[in-house]
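>>> For reference, the sequence and a predicted model appear below.
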Amino acid sequence: MPITLNHTIVPSHDKVESARFYSRIFGFEYIGEFSHFIVVRVNDMLSLDFDNKEKFEPHHYAFKVTEQEFEEIFARLEAENIKYGSGPSDAENMSINHNNNGRGVYFRDPAGHLLEMLTTDYKI
């Protein structure tokens, strides 16, 4: 069996607000409270466990999506007037990138984490 990432802890100022944001924007399943975390299921193998922290460094989370999922998620970003951009240093230029013959966009969650949505893998 290959090794997979099962869960990761996402620090936030308001764990419920952040978890609901990911559920609403990405369409992830909101599980709710588990121990002192608020859990969101990304897929059958990965969950995000949100935890309140007073201070933390912003993280970067990248999600590979299908073209259909990109359209749906991007429509929700626009409906909520969430600023987005074409790169990590241009996360608010209101442009989409077309790297590697796909599409990608960056935006911030309520805690300030930089989120990336891309339709093709990086060519490394």
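Received, thanks. Residues are numbered from 1 along each chain as shown.
>>> Next up, the contacts around E80.
24-25 (CB atoms under 8 Å, 6 or more residues apart in numbering). From N, CA and C alone the C-beta is placed, and that goes for glycine too.
>>> what do you get for the one 10 residues further on?
With contact taken as CB under 8 Å, 6+ apart, D90 is in contact with Y106.
>>> Against G102, how distant is it?
Distance, D90 to G102, using CB to CB, to the nearest Å: 17 Å.
>>> and if you look at A79?
23 Å.
>>> So those two - more neighbours on which side?
Neighbours per residue, other CB atoms under 10 Å: of A79 and G102, the larger number sits with G102, 16 against 9.
>>> you'd agree the more buried one is up against L118?
Yes. Judged on CB atoms under 8 Å, G102 makes contact with L118 at a distance of 6.2 Å.
>>> The chain: strands as residue ranges?
7-12, 29-34, 37-43, 46-52, 60-64, 84-85, 104-108, 114-118 (DSSP state E).
>>> Quick one: closest of these to R20.
Of all those, it is strand 29-34 that lies closest to R20, at 6.5 Å by CB to CB.
>>> Buried residues in the closest one, which are they?
I31 (16 or more other CB atoms under 10 Å).
>>> Just the mean pLDDT for it, thanks.
The pLDDT scores in strand 29-34 average 98.
>>> Could you check the angle that strand makes with strand 46-52?
With axes from the mean of the first three to the mean of the last three CA atoms, to 10 degrees as the basis, strand 29-34 and strand 46-52 are set at 50 degrees to each other.
>>> What pairs with strand 29-34, parallel or antiparallel?
strand 37-43 (antiparallel) (DSSP bridges).
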